[in-house]
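In: I would like the atomic coordinates for the input below:
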Amino acid sequence: MRNRRWPPLIVLACAFACASPVSPPAPASHPVAAVTPVAAPPQTAPALATAAASPTRIEAEEFRHALENAYAQIVARTGMTVKPPTVDVEALVSMPIPQHKTINGALSYFSTGLKDSIQTSLTRSAKYKTLIERALDEYKLPRGLAYLPVIESAYVPTLTSRAGAHGIWQFMPETAREYGLRVDWWVDERADPERSTRAAAAYIKDLYRQFNDWPLTLAAYNAGPGRIRRALAGTGATTFWDLLDQTAVPRETRGYVPTFFATLMIASDPATYGFRLTEPVKFDEKRVEIEGPLSLAFLAQVAKVDEATMLELNPAYPRGLLPPGKSVVRVPTAAAEAIAARAATLKNEDSRIAVCSFTLRQGYSIKRLAKLLGTKPDVILAMNGLKSANRVHTGDSIYLPLRPRELSAILTHGSDGAFHAVKRGETYYSIAKKFRLSIEELLDLNQLAVSHMLQPGEKLRVKGARTMSAGGM
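Out: Prediction:
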C-alpha cells in the first residue's frame, strides 16, 4: 500500500507469477468440482464448474449442500465415515476470477514451492476470518477479500515491512491515520485485527469507487491509487492486465494481483490443490477499559496468564504499555470481572512499568533529559505527542521512558554506567554475565520477575543503590 516492500515470501511468489507461464498442477480427482483451465487473454471465468451448473449461477449454500450430498453418497457406498472438506464457496462466488497466464504461474508456485507457507497462512486465517467477513459484509465488499492478508502478512498482526507497512493489512502510517487508526509511540492500531480490518474495508471500498474494477482496485491497494491513475493515463490502458503487459506498474504490483487471484482459487477449492481450510476460531476473551499507563506484564500477572498470551491478545500496544488515560484491552474471559473491578487503580500497583511522569524543572530540557537517560530527544517527544521541544516549558509534566526509581537514581547520582539499554537478542543471563552479576542480583536490582520479557531499548539497572523516592514525579 503506497510503495511498500513486501515480505520476502511474497516477493518470491510475485517474481514467479510475473515470469512464469507455467500451468498449475493437474487437479486431484474430485467428485464434484474441477478447476477450469486459465489462459490469456484475460476475461472473467468461473474457477469451478459442476455437471449441473456454474457456481456463479447458483447460491453458495446450494453449492455447499451439493458437495455435502456428494460426499454423503461416497460414505453410503463405501461404508466409511468421510468428513466433507472445508471449502469457501462464498469467497469464490463473491468476485470473478480473471484468466491470465500469471495467475497460472502463481497457482503453480503456491501449490509446490510455497505450499507449506501458504498452508500455514490459510490455517492462521481461521483466527480472523469471522471478524474480517463481518467488516466486508458491513461495507458490502466481496468475501473473497478475506484472503488478501495471505499475500499481505500471512495474518501476522505484528509484521512490519522494511518500508514501514504494518499489521495484517500492511497499512503505511499516513494511510492508517487517514482512515482513523491511531499510530504513535504508545499505540499502533494497524496491529489491531478488528480496527485495522474496518479501516482496510473502508479504504478498499473507496478504491473500488475510483476504479470500478477489482484488478485495478487491488493494484491501487498495493501501489497507491495515484500511481495507478498515472499509469492508466500515461499508457492509454484500460485494464490492469494492459498495464502488466506494458510493465507500466512496479514489478511487485504486477505480481501482487495474480497472486491474490491464485490464493482465492486455492481457498475456494483447497482440496484440489492439496490444501485445507479450518473452521473459524472463537476467542475466549472480553474487552475491559483500564486506566493507564500500565504494563501488559503486570496485567498478565493480575489475570494469571503468561505475558506472551497478554501481548498476543493486545498486539496494538507494541511496547507492552497502555498509554495514559483510558484504554481498551482484551483479557481472558475468566479474568475480566476481577480486572474490571480494579481498572482505575491497577496503574498505582504496577511496579514494573517502565514509564514515569516528570515535572520539568529549571535547567532540564528535553535534550538534557534524553542525554541523561541514554535515549534520543525524538523518543521523548514521540511518547508525549510533541512535534518540537519548544512546546514544553518549566512546570509542564511529561512522560519519560523509564521507571520512577531509575529516574530518581539518575537525577540523584547521575547515569554513568548505572543502567544498560537492552539490545535485541540479549537475555538476563548475557546481561548479568556482562556486568558480573548473578541473574538473581540483576532481577532484584530491577524488581523484576524472571517471567518478564525483555524489550529492546529497555533500561536495566546494573549497579548502584536500588532507588530512592523521586520528587516532582
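
In: are we agreed that Arg287 is in a strand?
Out: Yes. Judged by DSSP: H, G, I helix; E, B strand; the rest coil, Arg287 forms part of a strand.

In: surely it is in contact with Pro332?
Out: No. Judged on Cβ atoms under 8 Å, Arg287 makes no contact with Pro332 at a distance of 11.6 Å. All C-beta atoms are positioned from the backbone trio N, CA, C, and that covers glycine.

In: of the two, who's got more company?
Out: Pro332 (18 against 13; other Cβ atoms under 10 Å).

In: quick one: that one and Glu285 touch, right?
Out: Yes. Counting by Cβ under 8 Å, Glu285 is a contact partner of Pro332 at 6.1 Å.

In: and Ser397, bridged to which residues?
Out: Per DSSP bridges, the residues bridged to Ser397 are Thr359.

In: state the distance from it to Gln170.
Out: Here Ser397 is placed at a distance of 36 Å from Gln170 (Cβ to Cβ, to the nearest Å).

In: low pLDDT regions in the stretch 351-473 of the chain?
Out: Applying pLDDT under 70 to the stretch 351-473 of the chain flags the ranges 413-417, 464-473.

In: can you give me the helices for it?
Out: When secondary structure is read from DSSP state H, counting those that start in this stretch, the stretch 351-473 of the chain shows helices at 366-373, 377-383, 404-413, 428-434, 439-445.

In: next, the buried residues of the first one.
Out: When burial is assessed from 16 or more other Cβ atoms under 10 Å, helix 366-373 yields the following buried residues: Ile366, Leu369, Ala370, Leu372, Leu373.

In: what do you get for the last one?
Out: Within helix 439-445, the residues that count as buried by 16+ other Cβ under 10 Å are Leu442, Leu443, Leu445.

In: before we move on, the earlier item: any common contacting residues for Pro332 and Glu285?
Out: Common neighbours of Pro332 and Glu285, using Cβ atoms under 8 Å, 6 or more residues apart in numbering, are Leu313.

In: can I get the buried residues of helix 439-445 in JSON lines with distance to Met310?
Out: Listed next are those as JSON lines, based on distance: Cβ to Cβ, whole Å:
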{"residue": "Leu442", "distance to Met310": "23"}
{"residue": "Leu443", "distance to Met310": "20"}
{"residue": "Leu445", "distance to Met310": "25"}
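
In: ok, so of the residues you listed, who is nearest Arg182?
Out: Arg182 has its nearest neighbour among these in Leu443, at 33.6 Å by Cβ to Cβ.

In: is it true that that closest one touches Ser451?
Out: No. Using Cβ under 8 Å, Leu443 is not in contact with Ser451; the gap is 10.2 Å.

In: find the nearest non-adjacent residue to Lys286, please.
Out: Spatially, and ignoring its direct neighbours in sequence, Lys286 is nearest to Ala336 (3.9 Å; Cβ to Cβ, 6 or more residues apart in numbering).

In: gap between the helix or strand where the one you found lies and the chain center?
Out: Using DSSP states H and E, Ala336 sits within helix 333-341. On the basis of Cα atoms, centre = their mean, to the nearest Å, helix 333-341 sits 26 Å off its chain's mean C-alpha point.

In: lowest mean pLDDT among the helices and strands of this structure, which one is it?
Out: Least confident helix or strand, the chain: strand 48-49 with a mean of 30, by mean pLDDT, DSSP states H and E.

In: okay, now the unreliable bits of the stretch 1-150 of the chain?
Out: 1-87.

In: related to what we said a few turns ago, and the helix holding Ala336, which residues are buried?
Out: Of the residues in helix 333-341, Ala335, Ala336, Ile339 count as buried by neighbour count, 16+ other Cβ under 10 Å.

In: ok, the last one - contacts?
Out: Listed by Cβ under 8 Å, 6+ apart, the contact set of Ile339 reads Val288, Ile290, Leu299, Val302, Ala303, Val331, Leu346.

In: what's the distance between the residue nearest to Lys286 and Leu294?
Out: Ala336 sits 16 Å away from Leu294, going by Cβ to Cβ.

In: same deal with Phe260?
Out: 40 Å.

In: follow-up on the earlier one: can you name every helix or strand that the next helix or strand after the helix holding Ala336 contacts?
Out: Next helix or strand after helix 333-341 toward the C-terminus (DSSP H and E): helix 346-349. Helices and strands touching helix 346-349, by 3 or more Cβ pairs under 8 Å, 6 or more residues apart in numbering; DSSP states H and E, are strand 285-295, helix 296-303.

In: what do you get if the cut-off is 6 Å, keeping everything else the same?
Out: With contacts taken as 3 or more Cβ pairs under 6 Å, 6 or more residues apart in numbering; DSSP states H and E, helix 346-349 sits against strand 285-295.

In: which strands and helices sit next to the strand it packs on?
Out: So strand 285-295, by 3+ Cβ pairs under 6 Å, 6+ apart, packs with strand 321-332, helix 333-341, helix 346-349.

In: right, and the residue nearest to Lys286 touches Asp284 too?
Out: No. With contact defined as Cβ atoms under 6 Å, Ala336 does not count as touching Asp284 (10.2 Å).

In: dump the helices of the stretch 351-473 of the chain into CSV; add distance to Thr253 as well.
Out: Below are those laid out as CSV (distance: least, Cβ to Cβ, whole Å):
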stretch, distance to Thr253
helix 366-373, 41
helix 377-383, 32
helix 404-413, 47
helix 428-434, 43
helix 439-445, 49
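
In: which one of those lies closest to Thr247?
Out: For Thr247, the closest of the helices of the stretch 351-473 of the chain is helix 377-383, at 39.5 Å, according to Cβ to Cβ.

In: now the closest one: buried residues?
Out: Quick answer for helix 377-383 (16+ other Cβ under 10 Å): Pro377, Val379, Ile380, Leu381, Met383.

In: which one of those sits closest to Pro318?
Out: Met383 (12.1 Å).

In: I'd say the closest one and Trp185 touch.
Out: Yes. The pair Met383 / Trp185 is scored as a contact, 4.1 Å apart, by Cβ under 6 Å.

In: ok, which stretches of the protein are strands?
Out: Using DSSP state E, the strands of the chain run over 34-35, 44-45, 48-49, 97-98, 285-295, 321-332, 356-359, 397-400, 419-421, 459-461.

In: among those, which comes closest to Tyr273?
Out: Proximity to Tyr273 (Cβ to Cβ) singles out strand 34-35 among these, at 8.2 Å.

In: returning to that earlier point: between Met383 and Trp185, which contacts overlap?
Out: Residues touching both Met383 and Trp185 by Cβ atoms under 6 Å, 6 or more residues apart in numbering: none at all.

In: export stretch 453-467 as CSV, just CAs?
Out: Taking C-alpha atoms only, stretch 453-467 is exported to CSV below (Å, rounded to 0.1, in the frame of the first residue of the first chain):
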residue,chain,number,x,y,z
MET,A,453,10.1,-10.4,28.7
LEU,A,454,12.9,-8.1,27.9
GLN,A,455,12.3,-5.5,25.2
PRO,A,456,15.0,-3.8,23.1
GLY,A,457,15.7,-0.4,24.4
GLU,A,458,14.5,-1.2,27.9
LYS,A,459,16.8,0.2,30.7
LEU,A,460,18.1,-2.2,33.3
ARG,A,461,20.0,-1.1,36.4
VAL,A,462,23.3,-2.9,36.5
LYS,A,463,24.9,-1.3,39.5
GLY,A,464,24.3,1.1,42.4
ALA,A,465,21.7,1.6,45.1
ARG,A,466,18.3,0.3,44.1
THR,A,467,16.3,3.6,44.4
